[in-house]
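Chemist: Compute the structure for the input listed below.
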Amino acid sequence: MISLGAFAPMVEKNLSGAGWQAEGSQSVAVRKLAQDHFGGNASHAIQVVVHSTAGALDSGDGPAVIAAVTRVVQSDSRIAQVIPPTPGTSLSPDHRTAVVLAGAGADTNEMVRAATDLKGRLQALSTDTVQVNPTGSSLLWSDFNAANLDAMMKSEMFSWPVTLAILVLAFGALVAAGLPLLLTLAGLMASAGSLVLINHFVPVSIWAMNFAMMFSLALGIDYALFLVVRFRAALMARHESPREAVAETMDTAGKAVLLSGATVLVSLSAVMLVPSPSFRSMAGGIMLSVVFVLAATLTLLPVVLFKLGSRINKLSLPWVHTGEHRSPAFARWGERLWRRPVVWGLGSLIVLVALAAPIVGLKTAMPSIKVLPENASARVGYSLVQQAFGPGAPGMLQVVTNSQDAQATSRILAADKDIGAVMPIMPAADGSDYRMIEAVPTVDPSDPALTATVTRLRAELPTSAQVGGAAVENIDLKHQLDRSTPIVIGVVLVLGFALLLFALQAPLIALLGTLTSLLSTAAAFGVARLVFQDGIGSGILGFEHQGFLDAWAPVFFFAMIFAIAMDYTVFLLASAKEHWERSGDPREAMVGAVAHSGRVIFAAGGVMVAVFFTFALSGPLPPKEMGVILGVAVLLDAFLVRLVLLPVTLRLAGRTAWATPAWLRRILPTIHFSHG
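Modeler: This next block holds a predicted model:
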């Protein structure tokens, strides 16, 4: 932790901000050709918008500001060719708005860094009558990453004291409550440092650290909570020595945590199937943080517990002894579920199905400019370009073809009903046979109609023509996500079932545990549709709804929600298996599992909901989506699925829940959850 943690402070500066692309797509190929052969006039070039509020730019402060903008961008080695404003293309008819194009001389990640370095200097060139606002995809990601990081940090700072308060209430002792937070901090430091080192070999998205911070906080607290509760029970209820208590804790709760961690890692690994650098680095970053939190839980925490011994109850509150392992309140709840399983099970099922129903009309698309604050440079520049050159101007299409097909390509573009303007054919700057033609669509880049236009053009243009541009890169990524999502969901379900089967040795309960996890996931996305697509509650949460859910949410959040849901599933069913091994009684297995793990699931669920909902209250739209979807999913999964529906399925299945065919028993390794 110390050696890797030394690199942690450098994480924000080192990690990259781009990578949102579909590898192997036509638009990515166009971007590379534009960067290599057209002076960097690619989708990730920086567009510096200069706008006059007092007449034409060829008088007053205009010429001096444009000259200063040119000098600033030329001074950066990452900028390739600088193209001055040109009448008819990048100078508006009224000469009040001009675009200085700073060509991309580096990859997307480095250009986001360049945008971050240059935007302050460029905006500082503004005068009383002339505004300077850089925009373009590199600026969009720079502004968004900055707003997102600021929101994540604020949310983390707010969630830590809330989390500590919940843990103090759950444990009844300040020392015991502080352990999960210290453990999580250890895992976070190590994972942040390792991401800095990995970034020297493979670009890692800053989002990997953002998500890792949130996820490791939630999971680290879960794991530590499970172990600390079991340790205190052995120490307080059975009066074991610290050494014996640690041994029992690791032989029971330790196994469950290890299997839970494996389930989380397996669920997130399925996201690696999406061929996009940002998705793979985000999933990899979270997996890395889980590995370090898991390592700390299974090595550092037991040592700390042993050293603390009875001092774990220092600074205790009057209800400290309710931390003993079997909770009377949850035992009574388990008995109630046992007596009336159909009523409780049907009630929870109706609630979950009703919340999941809106998922039928769910729409997804790539984020629009609305995800940025209204005063962000990229959004201001975007609006000025639309006002001066038309609604589709920020989503300029770039078509690269060979010299033989250039004229035909230009004619087809000009004749298309959804193309408002076609720029002159541009020869390659390096003298190669490539030609570029830029075309302005008639609709906003986030309009779904643009997808139909791009699809039609790709079918009608000559075979050598390839269609790209920043808006088209989003379209290609959306298509890739649509293709990948069913595959990822299928892989997650199969691997989740396999791990539960491996852990529990019981096919029926492993299947039921997997299927019930789908209910809370579907319900969370049903709520997401109402909030983010239909805008219900947007005023309370303080966001401008886009009329759709961001396209990356289903694949990425499904894996995250399922990982968390299986986390609670393993905790509950491992406890049930332990009681089944001890008693052979289905009633004791169900009631005992609720009595022993219900309090932990309740407290851990409360902590997770608090952590996730803090992200829903601050920052740009995507973190709000993450906070609401994950918060609702945990709320439903912990309190309706794991504490009602899953115990009810154990009750109704009876002894069959734990039955294992002889042939399967011979294949699977023997795993016990009862100590000794």
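Chemist: can you give me the strands for the stretch 451-600 of the chain?
Modeler: 466-468, 549-550 (DSSP state E, counting those that start in this stretch).
Chemist: Apologies, that question was intended for the stretch 51-200 of the chain.
Modeler: For the stretch 51-200 of the chain, the strands defined by DSSP E, counting those that start in this stretch cover 79-83, 97-104, 130-135.
Chemist: could you dump those to CSV with distance to Arg655 and mean pLDDT?
Modeler: C-beta: built from backbone N, CA, C; applies to glycine. Converted to CSV, the strands of the stretch 51-200 of the chain look like this (distance: least, C-beta to C-beta, whole Å; pLDDT from 0 to 100):
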stretch, distance to Arg655, mean pLDDT
strand 79-83, 72, 94
strand 97-104, 66, 96
strand 130-135, 66, 96
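Chemist: Need these in TSV (columns: mean neighbour count).
Modeler: TSV is the format used below for those (neighbours: other C-beta atoms under 10 Å):
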stretch	mean neighbour count
strand 79-83	20
strand 97-104	26
strand 130-135	25
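Chemist: Take those and write them to a markdown table, including distance to Gly120.
Modeler: A markdown table is the format used below for the strands of the stretch 51-200 of the chain (distance: least, C-beta to C-beta, whole Å):
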| stretch | distance to Gly120 |
| --- | --- |
| strand 79-83 | 16 |
| strand 97-104 | 15 |
| strand 130-135 | 10 |
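Chemist: Which strands or helices does the lowest-mean-pLDDT helix or strand in the chain pack on?
Modeler: Every helix and strand of the chain was ranked by mean pLDDT, DSSP states H and E. The lowest is helix 11-14, at a mean of 74. Counting by 3 or more C-beta pairs under 8 Å, 6 or more residues apart in numbering; DSSP states H and E, the packing neighbours recorded for helix 11-14 are helix 174-198, helix 206-236.
Chemist: okay, those, which one's buried deepest?
Modeler: helix 206-236 (a mean of 26; mean count of other C-beta atoms under 10 Å).
Chemist: what does the average pLDDT come to for that one?
Modeler: The average pLDDT for helix 206-236 rounds to 80.
Chemist: What of stretch 629-648?
Modeler: On average, stretch 629-648 scores 92.
Chemist: Any idea how far it is from the middle of the chain?
Modeler: Put simply, stretch 629-648 sits 21 Å off its chain's centre (C-alpha atoms, centre = their mean, to the nearest Å).
Chemist: Mind listing what's buried along it?
Modeler: Of all the residues in stretch 629-648, those buried under the rule 16 or more other C-beta atoms under 10 Å are 629-648.
Chemist: dump the residue contacts of Arg243.
Modeler: Counting by C-beta atoms under 8 Å, 6 or more residues apart in numbering, Arg243 touches Phe306.
Chemist: and the nearest residue to Val591 once chain neighbours are set aside, what element?
Modeler: The spatially closest residue to Val591, leaving aside those adjacent along the chain, is Gly334, at 3.7 Å (C-beta to C-beta, 6 or more residues apart in numbering). In this assignment (DSSP states H and E), Gly334 forms part of helix 328-339.
Chemist: Run through the neighbouring helices and strands of the following helix or strand past that helix.
Modeler: Moving toward the C-terminus from helix 328-339, the next helix or strand (DSSP H and E) is helix 341-356. Applying 3+ C-beta pairs under 8 Å, 6+ apart, one finds that helix 341-356 contacts helix 507-528, helix 646-653.
Chemist: just the CA coordinates of helix 341-356, formatted as CSV?
Modeler: C-alpha atoms of helix 341-356 as CSV (Å, rounded to 0.1, in the frame of the first residue of the first chain):
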residue,chain,number,x,y,z
PRO,A,341,-43.9,-16.6,2.3
VAL,A,342,-46.5,-16.2,-0.5
VAL,A,343,-47.8,-12.9,0.8
TRP,A,344,-44.4,-11.3,1.3
GLY,A,345,-42.9,-12.8,-1.8
LEU,A,346,-45.8,-11.8,-4.0
GLY,A,347,-45.8,-8.3,-2.6
SER,A,348,-42.1,-7.7,-3.3
LEU,A,349,-42.4,-9.3,-6.8
ILE,A,350,-45.3,-6.9,-7.7
VAL,A,351,-43.3,-3.9,-6.6
LEU,A,352,-40.2,-5.0,-8.6
VAL,A,353,-42.2,-5.8,-11.7
ALA,A,354,-44.1,-2.5,-11.6
LEU,A,355,-40.9,-0.6,-11.3
ALA,A,356,-39.3,-2.6,-14.1
